[in-house]
Structures are given as structure tokens and as C-alpha cells.
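Asker: Quick one, what's the 3D model for this:
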Amino acid sequence: QVSGGDDEIQQLQKALLDYLDKNTEIDASLVFSRKFYIAQWFRDTTMETEKAIKSQKDEDSSEGTHHAKDVETTGQIMHRAESRKKFLRSIIKSTRSQFSTFRMDSNTVDYEDACLIVRYLASMRPFAQSFDIYLTQ
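Answerer: The predicted structure is shown next:
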């Protein structure tokens, strides 16, 4: 169980990376999976930030004025993106022994939990959220 918000996603990511790191001795392909997830989450953060800033700029140009509220929102988006990127960079830079300090509780995540975390994080991706539209078309 994790608390809500953006921190929830980071806690789930930490738990999944912990599971993958813990089981690399059993299956060497998990090293690739771990690196893939980190790279994908970093890319997703960058893309989300770019889309949010672009949509705000489009709204501003259509309204003709620039509101202080929009500037504040852009600042919040950038701050959130930077905190996510900082978290991912710290994991990239950490060695295996240092990564153990990021672990939540190594006994709480097993294979079934890891599968559930992967499904939940995948459901948050844009394709999964718009799958019904694709299926209908």
C-alpha cells in the first residue's frame, strides 16, 4: 500500500525496480528490463512536460492574453518533471549496493505484486488510456 499522488507512482516505480534488481541473479534479462523501464519513464516525463507546455501555449495564443495562473501552472509542471527526472537520475547513477538504500521493503514485493505494479503503471500510459478509441476505430 502506498500513499496517493505523484509520490505513489514513484513509490511503485521504486518497488518494481527493487524487484528487478533483487532478481537479476536469477534472470539476466531483468537487467535490460530495469534499464528499459528507467529510460521509458524518463522519456515519458519529458514528453508529458512538452505536451503540457505546448497545450498551455496554444491556449494562451487563442485567448490572446497571458495569465499569471498559467505561468504558475507551467512552473508546477516543470518542477514536477524535474523531481521525477532527479529521482530517475539518482537510480541511474547508483550502483547495485547503493540502490538497496532506495528499497521500500524487499519482502513486500513478490512476482505477483510486480506483475500488478507493471499492469497499473502500463494502464497510466496514453495508449492504454485511449485503447477503447483505437478499438472502436
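
Asker: Can you pull out the low-pLDDT segments for the chain?
Answerer: When residues are selected by pLDDT under 70, those of the chain lie in 1-6, 60-72, 95-108, 127-129.

Asker: List the buried residues in the longest helix belonging to it.
Answerer: Counting by DSSP state H, the longest helix found in the chain is helix 29-63. Residues of helix 29-63 classed as buried: 30, 33, 34, 37, 38, 41, 42, 45, 49, 52, 56 (neighbour count, 16 or more other CB atoms under 10 Å). Just so you know, the C-beta spots here come from the backbone N, C-alpha and C atoms, and that holds for glycine as well.

Asker: Spell out which helix or strand contains residue 81, please.
Answerer: For residue 81, the host element (DSSP states H and E) is helix 68-93.

Asker: related to what we said a few turns ago, compile the buried residues of helix 29-63 into a markdown table and extend it with columns for distance to residue 89.
Answerer: Below are the buried residues of helix 29-63 laid out as a markdown table (distance: CB to CB, whole Å):
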| residue | distance to residue 89 |
| --- | --- |
| 30 | 21 |
| 33 | 19 |
| 34 | 15 |
| 37 | 14 |
| 38 | 9 |
| 41 | 11 |
| 42 | 8 |
| 45 | 11 |
| 49 | 15 |
| 52 | 21 |
| 56 | 25 |
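
Asker: Determine which two of these are furthest apart.
Answerer: The most widely separated members of those are 30 and 56, with 38.7 Å between them, by CB to CB.

Asker: picking up where we left off before, and the helix holding residue 81, which residues are buried?
Answerer: For helix 68-93, the neighbour count (16+ other CB under 10 Å) marks 74, 77, 81, 84, 87, 88, 91 as buried.

Asker: In space, what's closest to the residue nearest the centre of the chain - neighbours in sequence excluded?
Answerer: With distances taken as CA atoms, centre = their mean, the residue of the chain nearest its centroid is residue 41 (4.5 Å). Among residues not flanking residue 41 along the chain, residue 88 sits closest, at 6.0 Å (CB to CB, 6 or more residues apart in numbering).
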